[in-house]
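Enquirer: Okay, predicted coordinates and the sequence, questions at the end:
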Amino acid sequence: MESYPVPFYIACLMLVAIGYRCWEHRHMAWGLPAGAVLATTACWYLLDAIYNDYQRYVDRIGTKSLDNAWWQVCLFLFTFGTIVASVSKSISGEYATRRSSVLAVDFAKRLDHPVLQGRLRSLTLTLVGAWLGLMSIGLVRVNFDIQGLFAPYLGHKANPWSRGRVGGGIDGLLALAGYFQIFLTAGFGVLFALLNRSTSRWVAGFIFF
């Protein structure tokens with residue numbers, strides 16, 4: 001089992017505490033957006049340390065620098081949790097006390113409208129086609145290393161869009177492909193949240209996972 005430093009666990013506790021506060025205020029304008037920021041922070045930093053073999057970071061960077069980095073994450077969480085409500089209020093002005101528009105849509109059951117759901121399913125099919133095409137190129141570039149591409153946590157990671165630090169040739173296209181993959185992944189996550197119980201929703205959720 002990996003051994004994480006103390007500030008890592010402090011960051012985890014802060015994330016849970018601030019996340020709970022955001023959930024309690026989910027009806028306010030800032031609650032859900034702040035929760036999305038916290039979820040991003042959790043994925044980019046905390047889960048990344050677990051997912052990508054923390055010991056490798058220790059070997060390459062060193063414990064002192066990593067400890068300082070975790071304290072910076074804690075500082076961000078503390079600052080964000082302290083000022084997010086007041087900053088939102090100052091920016092929103094007269095709209096600060098209104099309910100979240102996202103929840104208003106959900107409560108009105110507008111997401112279940114057949115026309116909207118039909119368009120979302122069509123969009124899902126379009127993104128699936130784009131994703132399959134992109135992943136076909138990715139598989140060719142990693143010599144059909146399926147495990148390394150889709151399940152790096154089982155042993156090793158294969159990056160089909162890797163390139164040199166000094167750009168040249170098709171490096172620009174590889175960078176574009178990498179960002180396009182992130183865009184598609186985010187799109188499937190949004191579709192999974194918006195689609196009702198249908199095959200398209202589970203397809204979107206599976207690809208996102």
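Expert: Everything's here; your move.
Enquirer: for residue 161, helix, strand, or coil?
Expert: Three-state call for residue 161 (DSSP: H, G, I helix; E, B strand; the rest coil): coil.
Enquirer: So for it, what pLDDT did the model give?
Expert: Note on residue 161: pLDDT of 85.
Enquirer: what's the nearest residue to it if we skip its chain neighbours?
Expert: Closest residue in space to residue 161, ignoring its immediate chain neighbours: residue 178 at 3.9 Å, by C-beta to C-beta, 6 or more residues apart in numbering. (C-beta placed from N, C-alpha, C; glycine too.)
Enquirer: Secondary structure element holding that neighbour?
Expert: Using DSSP states H and E, residue 178 falls within helix 171-194.
Enquirer: following that helix, which helix or strand shows up next?
Expert: helix 199-208.
Enquirer: still on that earlier bit, ok, residues contacting the helix holding residue 178?
Expert: Applying C-beta atoms under 8 Å, 6 or more residues apart in numbering, the contact partners of helix 171-194 are 111, 120, 123-124, 127, 130-131, 134, 137-138, 160-164, 167, 200-201, 204-205, 207-208.
Enquirer: 10 Å - rerun?
Expert: For helix 171-194, the surrounding residues in contact (C-beta atoms under 10 Å, 6 or more residues apart in numbering) are 105-106, 111, 116-117, 120-121, 123-124, 126-128, 130-131, 134-135, 137-138, 141, 159-165, 167, 170, 200-209.
Enquirer: List only buried entries from those.
Expert: The neighbour count (16 or more other C-beta atoms under 10 Å) marks 117, 120-121, 123-124, 127-128, 131, 134-135, 138, 141, 160-161, 163, 200-201, 203-204, 207-208 as buried among the contacts of helix 171-194.
Enquirer: which residues in the chain form helices?
Expert: 6-24, 31-41, 48-51, 54-61, 63-92, 101-107, 114-141, 146-150, 171-194, 199-208 (DSSP state H).
Enquirer: sorry, back to before: centre of the chain to the helix holding residue 178, how far?
Expert: Mean-position distance between helix 171-194 and its chain equals 11 Å (C-alpha atoms, centre = their mean, to the nearest Å).
Enquirer: and what of stretch 127-146?
Expert: 21 Å.
Enquirer: Could you give the average pLDDT over it?
Expert: pLDDT averaged over stretch 127-146 gives 92.
Enquirer: And for it, what's in contact with it?
Expert: 148-150, 152, 156-162, 173-174, 177-178, 180-181, 183-185, 187-188, 191, 200, 203-204, 207.
Enquirer: Just the buried ones among those, please.
Expert: Buried among the contacts of stretch 127-146 (16+ other C-beta under 10 Å): 148-149, 152, 157-158, 160-161, 174, 177-178, 181, 184, 187-188, 191, 200, 203-204, 207.
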